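Engineer: Below are the sequence and a predicted model; questions follow.
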Amino acid sequence: QVQLVESGGGLVQAGGSLRLSCVVSGRTFSSGAMGWFRRAPGEDRDIVAAITGWPYSSTYYADSVKGRFTISRDNARNTVYLQMNSLKPEDTAVYYCAARSSAAVTTVVNEYVYWGQGTQVTVSA
């Protein structure tokens, strides 16, 4: 059974940093693309960042987080990270990790097959 478990969320002041982690178990990790999404209260789940699977090496970022967030993966640890710097109150949301079998990045929610339960990030003004 495939499991994605996020951690690292919490409460932080504006301008602060957090690093989210997502550990994947139960499937081959390195070949599939991974994504981070977020859902703010009353809004849809939106892409934040994504990273291709092996052997490719490229990333995607939503315009709202470019220059502030960095996605990375450690295939030896079956883990994907989201480093979030210069956090803003509008970054407040539940953050979800997602995985797909294809190595290609996509921003489409429904093209990710596996999802974590989410971790809350709250940024105070």
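Structural biologist: Cool, the structure landed.

Engineer: use CA for all of it now, contacts and neighbours both
Structural biologist: Will do.

Engineer: any idea where the strands of the protein begin and end?
Structural biologist: With strands called from DSSP state E, the chain shows them at 3-7, 10-13, 18-25, 34-39, 45-51, 59-61, 69-74, 79-84, 93-99, 114-115, 119-124.

Engineer: Between those, which one is closest to Thr106.
Structural biologist: Minimum separation from Thr106 across the strands of the chain (Cα to Cα) falls at strand 45-51, 7.5 Å.

Engineer: Work out the sheet partners of the closest one and label each with its direction, please.
Structural biologist: strand 34-39 (antiparallel), strand 59-61 (antiparallel) (DSSP bridges).

Engineer: Deepest in the core, which of these is it.
Structural biologist: Mean neighbour count (mean count of other Cα atoms under 10 Å) peaks for strand 34-39 among the strands paired with strand 45-51, with a mean of 25.
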